[in-house]
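1. Kindly return the folded structure for what I paste below:
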Amino acid sequence: MLMSLPNILTLSRILAIPALVATFYWPGHTSNWVALAIFVIAGLTDFFDGWLARRWGMLSSFGRFLDPIADKLLVAAALMMLVAQGRIAGLSLLAAIVILCREILVAGLREFLAELRVAMPVSRLAKWKTTVQIVALCFLLVFDAAPPAWLIPEIGLVLLWAAALLTLVTGYDYLRAGLRHMSGAPESARKPPPRKPNGAADQPAGSR
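-> Modelled structure (predicted):
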């Protein structure tokens, strides 16, 4: 089960990261399109690993653990390289920082809630956020390799800001859900009072 096809597809997203990073150091605009192809193929594995796991009854704890990590590593690597190459710069850096911080926040919340055996399902708005974010990164990976009239860099940055705004909303929703479980009574307060020895009688307050 550990090396099932769905899990192999999930692992392939992590293995695609070095190839994606390498394209940023190739000269010429062909590397932009190669980077896009790698990113799109990796994104398709994100769909098929879950679909195959459900269809073939191969859902596993390893897959549930690795799948979100692979997604976040791929997105983080793409964002960092886009910043390093100056395709995300100026105020747009704030959008990238918001997206990265949200991913770290949600990962921490999921780990905390998992210890409490509390599920944190992905909301519909979070799925829209992911879609907008992936499309934005696709545009930014192409960047100036497309004809200037296509306005690929401008569209990519607009979508990146849209993803950042959705990130703030969904991040707040997840944080609010997590805080409900964090605000409970401490463990010591939930422990029952110690039992008195047999035969011991309660004494009124203040008596000796």
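2. Please identify the buried residues of the longest helix seen in the chain?
-> Across the chain, the longest stretch assigned as helix under DSSP state H is helix 152-182. Judged by neighbour count using 16 or more other Cβ atoms under 10 Å, the buried positions of helix 152-182 are 152-153, 155-157, 159-164, 166-167, 170-171, 174, 178. The C-beta positions use only the backbone N, C-alpha and C, and glycine is treated the same way.
3. and that helix, average pLDDT?
-> Mean per-residue pLDDT for helix 152-182: 87.
4. just how off-centre is that helix within its chain?
-> Using Cα atoms, centre = their mean, to the nearest Å, the mean C-alpha position of helix 152-182 is found 11 Å from that of the whole chain.
5. And stretch 75-85, by the same measure?
-> Remark: stretch 75-85 is offset 15 Å from the chain centroid, using Cα atoms, centre = their mean.
6. Could you give me the buried positions within it?
-> Within stretch 75-85, the residues scored as buried using 16+ other Cβ under 10 Å are 75-79, 81-83.
7. With distance to Lys127, pLDDT and secondary structure as new columns, can the residues you listed be given to me in JSON lines?
-> Below are these laid out as JSON lines (distance: Cβ to Cβ, whole Å; pLDDT from 0 to 100; DSSP: H, G, I helix; E, B strand; the rest coil):
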{"residue": "Val75", "distance to Lys127": "14", "pLDDT": "93", "secondary structure": "helix"}
{"residue": "Ala76", "distance to Lys127": "19", "pLDDT": "94", "secondary structure": "helix"}
{"residue": "Ala77", "distance to Lys127": "21", "pLDDT": "95", "secondary structure": "helix"}
{"residue": "Ala78", "distance to Lys127": "19", "pLDDT": "96", "secondary structure": "helix"}
{"residue": "Leu79", "distance to Lys127": "19", "pLDDT": "95", "secondary structure": "helix"}
{"residue": "Met81", "distance to Lys127": "25", "pLDDT": "96", "secondary structure": "helix"}
{"residue": "Leu82", "distance to Lys127": "23", "pLDDT": "97", "secondary structure": "helix"}
{"residue": "Val83", "distance to Lys127": "25", "pLDDT": "96", "secondary structure": "helix"}
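8. so Asp173 sits right up against Arg124, yeah?
-> No. Asp173 lies out of contact with Arg124 (Cβ atoms under 8 Å); the separation is 11.0 Å.
9. so which helix or strand takes in Ile8?
-> helix 5-23 (DSSP states H and E).
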